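K.L.:
next come a sequence and a model predicted from it.
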Amino acid sequence: MKDYGTILVVDDNPAILTAARICLGGVFGKVITLASPEGILATMNQERVDVVLLDMNFTLGVNSGQDGLLWLRSIHKRHPDVPVVLVTAYADIKLAVRGLKDGAADFVTKPWDNAELVRTLKDAIDKSKEIVPLEEVEAEHVRRVVEKCHGNISKAAEMLGITRQTLYAKIKK
């Protein structure tokens with residue numbers, strides 16, 4: 001079986017951490033578990049982590065998912081190449097979409113199906129290691145800037161530091 005490196009599992013439920021250790025131990029060379037998100041960044045600075053499985057809720061009695069989204073953004077600021085898969089027992093479509101928009105690689109609900117969880121984590125790692133052609137990266141960046149400027153080509157060209165003519169040429173490719 002292929003060794004998928006190191007996974008960091010963050011959940012405040014000890015039973016979930018134990019289940020994750022058992023389920024993922026044969027797939028990952030190292031399974032690191034944390035019961036609190038406060039140690040995520042320090043752990044990731046000390047260990048090479050290939051994927052994070054991050055619970056969405058850490059505040060007792062609050063099931064909004066905002067804790068997980070906050071930590072997702074913090075991870076991506078410091079470690080943008082490490083995929084984060086969100087996991088929660090309180091799943092809803094809006095929360096999943098928000099997590100994906102904020103950069104999550106995927107979204108899993110508790111209780112999870114072991115085979116599905118493993119597949120999701122492997123896919124997240126494999127996708128993060130793909131090499132994207134430079135033209136594709138540039139085209140996506142240009143598209144996002146134009147979208148952010150609500151279609152205002154002059155403003156988008158200014159943000160990109162190019163002329164409008166050059167921007168039109170890039171859009172037409």
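P.N.:
Ah, there it is. Treat the numbers as computed from the prediction; the structure is a model and nothing was measured. Residues are numbered from 1 along each chain as shown.
K.L.:
then the lowest-mean-pLDDT helix or strand in the chain to PDB, C-alphas only?
P.N.:
Least confident helix or strand, the chain: helix 93-101 with a mean of 83, by mean pLDDT, DSSP states H and E. Extracted in PDB, the C-alpha atoms of helix 93-101 (Å, rounded to 0.1, in the frame of the first residue of the first chain):
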ATOM      1  CA  ILE A  93     -24.800  22.700   2.100                       C
ATOM      2  CA  LYS A  94     -24.000  26.400   2.900                       C
ATOM      3  CA  LEU A  95     -21.300  25.400   5.400                       C
ATOM      4  CA  ALA A  96     -19.700  23.000   2.900                       C
ATOM      5  CA  VAL A  97     -19.800  25.600   0.100                       C
ATOM      6  CA  ARG A  98     -18.300  28.200   2.400                       C
ATOM      7  CA  GLY A  99     -15.500  25.800   3.400                       C
ATOM      8  CA  LEU A 100     -14.700  25.000  -0.300                       C
ATOM      9  CA  LYS A 101     -14.700  28.700  -1.200                       C
END
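K.L.:
okay, now the sheet partners of the host helix or strand of residue 8, with direction.
P.N.:
Under the criterion of DSSP states H and E, residue 8 resides in strand 6-10. Strand 6-10 sits in its sheet next to strand 30-34 (parallel), strand 51-55 (parallel), going by DSSP bridges.
K.L.:
mind jotting down where the helices sit in this protein?
P.N.:
14-24, 40-46, 66-78, 93-101, 114-128, 134-148, 153-160, 164-172 (DSSP state H).
K.L.:
just say which of the strands paired with strand 6-10 is most tucked in.
P.N.:
Stretch with highest mean neighbour count among the strands paired with strand 6-10: strand 51-55 (a mean of 26; mean count of other CB atoms under 10 Å). Quick note: C-beta positions are derived from backbone N, CA and C, even for glycine.
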